[in-house]
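**Q** pasting the sequence and the predicted model now:
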Amino acid sequence: MWFIMATMRAVGLTRYLPIENPESLVDLVVEKPKATGRDILVKVMAISVNPVDTKVRAPKDRVEEVPKILGWDVAGIVEEAGPDCSLFRPGDEVFYAGSIARQGGNSEYHLVDERIVGRKPTSLNFAEAAALPLTSITAWE
């Protein structure tokens with residue numbers, strides 16, 4: 001029996017190189033995640049780069065066995081909701097600052113716990129909404 005694994009494109013790293021190095025960020029094809037539990041699968045429409053991305057990506061002597069995907073400020077559309085989700089459903093427009101303990105959103109799809117997600121303001125486009133999460137959380141704190 002053959003199984004076809006769903007894949008997606010992403011940008012990530014395996015080595016923490018200076019940004020000037022052409023291999024500091026690389027194009028990847030990775031398995032498309034599935035929503036389980038309280039996770040939602042978001043079709044990424046926009047991401048932003050913030051100081052967390054630059055700090056995590058900073059040069060260091062470490063090699064990742066599994067490519068690391070950066071980008072935690074995301075805006076997009078819910079594609080799939082896990083069976084325990086109650087806050088969002090497919091088609092909802094959302095934005096959030098994801099968890100750095102997970103893969104980031106520099107990908108076609110991103111898996112995130114619905115409890116750290118907000119509805120995208122209708123007055124903002126996706127790029128504007130993706131620019132807000134970390135900066136607005138910092139300002140609020």
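**A** Yes, it's here.

**Q** give me the secondary structure label for D53.
**A** helix (DSSP: H, G, I helix; E, B strand; the rest coil).

**Q** let me see the contact set for the closest residue to it other than its chain neighbours.
**A** Counting by Cβ to Cβ, 6 or more residues apart in numbering, D53 lies nearest to L70, which is 4.9 Å off, once chain neighbours are set aside. Heads up, the C-betas are built off the backbone N, CA and C, glycines and all. For L70, the contact set (Cβ atoms under 8 Å, 6 or more residues apart in numbering) comprises V11, G12, L13, D53, V56, R57, G104, N106.

**Q** show me the helices in this protein, by range?
**A** Here the chain has its helices, by DSSP state H, at 51-57, 126-130, 133-140.

**Q** which of those is buried the deepest?
**A** Counting by mean count of other Cβ atoms under 10 Å, helix 126-130 has the highest mean neighbour count of the helices of the chain, with a mean of 19.
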